[in-house]
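**Q** test case, fold it:
(one chain, ligands or ions: 1)
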Amino acid sequence: METKDGSNNKVKTTRGSKEPSWTPKKENSPEWLREKSFLYNKKITCPVCGSTFEAKAVRSSSYRILSKDTDLFIRYSVINPYFYDVWLCNNCGYATMKVDFLKLRKYHVDSIKERITPSFKPREYPDIYNIDIAIERFKLSLLNYVVMEAKASSKGVNCLKLAWMYRLKKNKDKELLFLKQALENFKEAYSAEDFPIYGMNKHTIMYLIAELLRRTGNEEKALMWLSQVITSRGVNVRLKNLARDQRDLIKEKQDKEALEAEKSRLELISLKEAEEAKTKKKSIFSKFFKK
Ligand SMILES: [Zn+2]
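**A** Numbers count the residues shown, from 1 in each chain. Modelled structure (predicted):
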């Protein structure tokens with residue numbers, strides 16, 4: 001279960017496949033044409049302004065799962081479905097993750113019209129999306145959720161996906177920033193919302209909170225949540241094993257840190273003793289050679 005860097009952040013890897021770098025593809029290059037062939041357009045009527053637009057969708061037969069990270073992030077090869085997760089109406093600026101797009105209420109429509117549309121500038125997107133476009137669209141979507149005062153779970157999932165996009169971009173600071181925001185929202189959702197939350201049952205959300213705590217450096221609290229997952233009845237075996245792995249990972253890290261601390265404490269003591277012995281020697285000498 002260990003990965004190359006020993007951080008145990010991956011669940012499984014398909015042998016022989018490599019994750020693409022997700023850098024923008026050159027227009028009309030073979031890779032670009034290939035990705036384009038995996039997309040099709042879906043006609044959507046915007047529930048805010050009533051205009052119709054075409055949202056890009058990924059053919060489900062086209063992508064392959066390479067591996068999963070321990071915070072449930074799925075790594076894909078060939079084409080990345082996360083890039084196409086946000087639907088945006090280029091007329092009024094309404095944007096959300098696609099599962100939520102048609103679910104909004106009447107009072108949401110008013111908030112979007114009052115607070116998004118006046119400052120929204122329509123934008124041109126290329127035929128295929130890349131990581132930077134994905135980040136921009138997830139940010140637009142997050143802004144819409146905030147304006148709509150959407151459920152914490154919506155903001156949580158959106159923030160988590162933004163963190164994952166920054167992980168792909170290897171921007172650790174931004175990844176951590178959005179992991180923390182996702183965590184706060186999931187904690188709120190856990191105590192205030194009904195399960196399932198975005199397809200996740202109660203135990204999965206508990207596990208996810210623990211894993212986000214671990215990744216944001218709060219190991220003690222992560223252990224508390226993990227032990228709850230491990231000791232609860234009716235938890236899916238795979239989830240329980242995953243929780244055990246992450247608990248062991250934290251314990252191993254803590255043991256290692258304790259050992260390091262003990263080592264440096266002993267080093268400090270022996271250094272002090274050597275220093276004292278030196279002073280003692282000196283004082284003997286000075287006794288003999290007193291002027
Ligand atoms: Zn619209």
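**Q** only C-alpha atoms from now on, for both contacts and neighbour counts.
**A** Noted.
**Q** how close does the residue of the stretch 51-200 of the chain found nearest the ion sit to residue 119?
**A** Nearest residue of the stretch 51-200 of the chain to the ion (CA to the ion) works out as residue 92 at 4.1 Å. Distance of residue 92 to residue 119, computed by CA to CA, to the nearest Å: 9 Å.
**Q** quick one: residue 47 and residue 106 touch, right?
**A** No - under the criterion of CA atoms under 8 Å, residue 47 is not in contact with residue 106, lying 9.4 Å apart.
**Q** the residue of the stretch 51-200 of the chain closest to the ion: what's it in contact with?
**A** Residue 92 makes contact with 48-49, 113, 116-117, 120, according to CA atoms under 8 Å, 6 or more residues apart in numbering.
**Q** who touches whatever helix or strand residue 108 lives in?
**A** Assessed by DSSP states H and E, residue 108 sits inside helix 106-115. With CA under 8 Å, 6+ apart as the test, helix 106-115 has contacts from 47-48, 92-94, 144, 147-148.
**Q** dump these into JSON lines; add secondary structure and pLDDT as well.
**A** Shown next, in JSON lines, are those (DSSP: H, G, I helix; E, B strand; the rest coil; pLDDT from 0 to 100):
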{"residue": "47", "secondary structure": "coil", "pLDDT": "97"}
{"residue": "48", "secondary structure": "coil", "pLDDT": "98"}
{"residue": "92", "secondary structure": "coil", "pLDDT": "98"}
{"residue": "93", "secondary structure": "coil", "pLDDT": "98"}
{"residue": "94", "secondary structure": "coil", "pLDDT": "98"}
{"residue": "144", "secondary structure": "helix", "pLDDT": "98"}
{"residue": "147", "secondary structure": "helix", "pLDDT": "97"}
{"residue": "148", "secondary structure": "coil", "pLDDT": "96"}
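**Q** please state the offset of stretch 74-82 from the chain centre?
**A** Taking CA atoms, centre = their mean, to the nearest Å, the mean C-alpha location of stretch 74-82 is offset from the chain mean by 15 Å.
**Q** same deal with stretch 95-113?
**A** Computed by CA atoms, centre = their mean, the separation of stretch 95-113 from the middle of its chain amounts to 24 Å.
**Q** and the helix or strand where residue 280 lies, what does it pack onto?
**A** Using DSSP H and E, residue 280 sits in helix 237-288. Counting contacts by 3 or more CA pairs under 8 Å, 6 or more residues apart in numbering; DSSP states H and E, helix 237-288 packs against helix 202-215, helix 219-231.
**Q** most tightly packed of those?
**A** Most buried of the helices and strands packed on helix 237-288, by mean neighbour count (mean count of other CA atoms under 10 Å): helix 202-215, with a mean of 22.
**Q** got the domain ranges for this structure?
**A** Under the assignment automatic domain parsing, the domains of the chain span 1-16+34-195, 201-291.
**Q** please identify the deepest-packed of those.
**A** domain 1-16+34-195 (a mean of 17).
**Q** got phi/psi on residue 56?
**A** Note on residue 56: backbone dihedrals following degrees, to the nearest 10 are phi -80, psi 140.
**Q** residue contacts, it?
**A** Per CA under 8 Å, 6+ apart, neighbours of residue 56: 39-42, 84.
**Q** TSV for these, including secondary structure and distance to residue 187?
**A** Formatted as TSV, the contacts of residue 56 follow (DSSP: H, G, I helix; E, B strand; the rest coil; distance: CA to CA, whole Å):
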residue	secondary structure	distance to residue 187
39	strand	36
40	strand	37
41	strand	36
42	strand	35
84	helix	27
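**Q** many thanks, we can stop here.
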